[in-house]
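Novice: Any chance you could fold what I've pasted below:
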Amino acid sequence: MRIGIDARLAYYQREGGIAQYTLRLSRALLQLNSPDQFFIWFQRQDRPPREFVKNGHAHVRRLMTPPHHPYEQWTLPLELLPQRLDVLHSPDFIPPFRRNCASVITVHDLAFMHFPRLLTRESAAYYGQIERAVQSAERIIAVSEATARDLTSLLGVRADKLSVIYEAADALYQPVADPQAIQPTLAKYGLSPPFILFVGTIEPRKNLSTLLRAFHHLRSRYKASLQLAVVGKRGWLSDDVFALLDELKLHEDVKLLGPLPAHELAALYNGARCLALPSLYEGFGLTALEAISCGTPVVVSNTSSLPEVVGDAGLCLSPHDVGEWAHALASLVTDDNLHRELSQKALRRAQQFSWQRAARETLEVYAKAAA
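Specialist: From the prediction side, this is the model:
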């Protein structure tokens, strides 16, 4: 097959989840050594990974049309026309509606349907095409059973059109052989174990307010002396979180670190006592998988895809029960046996996810779409 992969978003939002999904999946597909030919599209100014350029199955192409451009549905089909593709994979939800090949799209979540007020005007215009997208595509990849259920219930997608293919953590996220190796990174950010870790954009959907209240409760009731490290950029409608920090007087013990490079994030996963993720909704919950890949126990919400990804490797709680979160965090901080048990389960659970498996299953979806 001649397979196109739209990777234009990979450098436009390089640290974003969809960008990383696209690059990691493309890399794994090329490692399969299948007889198929892959045409991977970047923006004109992007520098694709050297391994793509040197791979005999990969044909790197550059496109003029930027991702999410208002005229994308007109210009992108014209640029793709000469390639004579069998299948085009659009990892960012929306395919070209005018095309001369089969379409596969990946739907990562439908958060924008659950929480429409969190969208900017530009994002609402782009993701507002989702209903037409799922009707147009020959096959749809959902990254979790929870997202697949949303596609069925909210958009009426037929089950026989859907394939659930799990993401995986990058190989960088694994237990460190020498715990001393992470100390310089922890010292750089003023962190001393044990500390609790949160990773995600500071926005209402991530529900950081519940974690801050639980952390305050934990320190007050259980007299625990520890820190909370918050990794992630400031997002939409985040003022309430910063107001709550002031109200609870937590600025000394809550470290707002902003986004971090992957190697430093891996060090924090390894140094943290646990990851706490009280999200109201996650399409997959990659940060939880990254944490358990490092052997770090997790405390997550019992909503959407998180229980599905975490399995028995963590504690799943109501995202609204502050007391329950405080008790669970206190247990993980003080109970070494519980911590050890969940850490062992975390490593076993993480082994069930791999990009190699995702690539094989994705290639099968391409074949079904082309047929």
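
Novice: Residue ranges of each domain in the protein, please.
Specialist: Per automatic domain parsing, the structural domains of the chain span 2-168+354-370, 179-350.

Novice: The shortest one: how far from the chain's middle?
Specialist: Translated: domain 179-350. Mean-position distance between domain 179-350 and its chain equals 16 Å (C-alpha atoms, centre = their mean, to the nearest Å).

Novice: That one: end-to-end distance?
Specialist: Between the opening and closing residues of domain 179-350 there is a gap of 20 Å (C-alpha to C-alpha, to the nearest Å).

Novice: pLDDT on that domain, on average?
Specialist: Averaged over domain 179-350, pLDDT sits at 93.

Novice: Going along the chain, name the strands of this structure.
Specialist: Here the chain has its strands, by DSSP state E, at 2-6, 37-43, 58-63, 87-90, 102-107, 139-142, 162-164, 195-199, 227-231, 254-258, 274-277, 298-301, 314-317.

Novice: Out of these, which gets nearest to L78?
Specialist: strand 58-63 (10.2 Å; C-beta to C-beta). Yep, even glycine has a C-beta here, placed from its N, CA and C like the rest.

Novice: Mind listing residues that contact stretch 227-241?
Specialist: Contacts to stretch 227-241, defined as C-beta atoms under 8 Å, 6 or more residues apart in numbering, come from residues 118, 120, 189, 191-192, 195-204, 206, 208-209, 211-212, 215, 250, 253-260, 265, 268, 272, 276.

Novice: Show the buried residues in those residues.
Specialist: Listed as buried from the contacts of stretch 227-241 are 118, 189, 191, 195-200, 202-204, 206, 208-209, 211-212, 215, 250, 254-255, 257, 260, 265, 268, 272, 276; burial here means 16 or more other C-beta atoms under 10 Å.

Novice: Compute the distance between the nearest residue to T120 once chain neighbours are set aside and C316, please.
Specialist: Closest residue to T120 apart from its sequence neighbours, by C-beta to C-beta, 6 or more residues apart in numbering: W236 at 7.4 Å. As defined by C-beta to C-beta, to the nearest Å, W236 lies at a distance of 26 Å from C316.

Novice: Give me every residue in contact with stretch 48-60, excluding its own residues.
Specialist: With C-beta under 8 Å, 6+ apart, stretch 48-60 has contacts from 7, 23, 26-27, 30, 33-34, 36-40, 42.

Novice: how far does it sit from the chain's center?
Specialist: Relative to its chain's centre, stretch 48-60 lies at 25 Å (C-alpha atoms, centre = their mean).

Novice: likewise stretch 62-79?
Specialist: 25 Å.

Novice: Using PDB, write out every CA atom in that stretch.
Specialist: Below are the C-alpha coordinates for stretch 62-79, written out as PDB (Å, rounded to 0.1, in the frame of the first residue of the first chain):
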ATOM      1  CA  ARG A  62       6.700  18.900   2.800                       C
ATOM      2  CA  LEU A  63       3.400  20.700   2.400                       C
ATOM      3  CA  MET A  64       2.600  24.400   2.200                       C
ATOM      4  CA  THR A  65      -0.800  24.100   4.000                       C
ATOM      5  CA  PRO A  66      -0.400  24.700   7.800                       C
ATOM      6  CA  PRO A  67      -2.400  22.600  10.200                       C
ATOM      7  CA  HIS A  68      -5.800  23.900  11.300                       C
ATOM      8  CA  HIS A  69      -5.700  26.600   8.500                       C
ATOM      9  CA  PRO A  70      -9.100  28.000   7.500                       C
ATOM     10  CA  TYR A  71      -8.500  27.000   3.900                       C
ATOM     11  CA  GLU A  72      -7.100  23.600   4.700                       C
ATOM     12  CA  GLN A  73     -10.000  21.700   3.200                       C
ATOM     13  CA  TRP A  74      -9.300  23.400  -0.200                       C
ATOM     14  CA  THR A  75      -5.600  23.500  -0.400                       C
ATOM     15  CA  LEU A  76      -4.600  20.200   1.300                       C
ATOM     16  CA  PRO A  77      -6.400  17.900  -1.200                       C
ATOM     17  CA  LEU A  78      -4.700  19.600  -4.100                       C
ATOM     18  CA  GLU A  79      -1.300  19.100  -2.500                       C
END
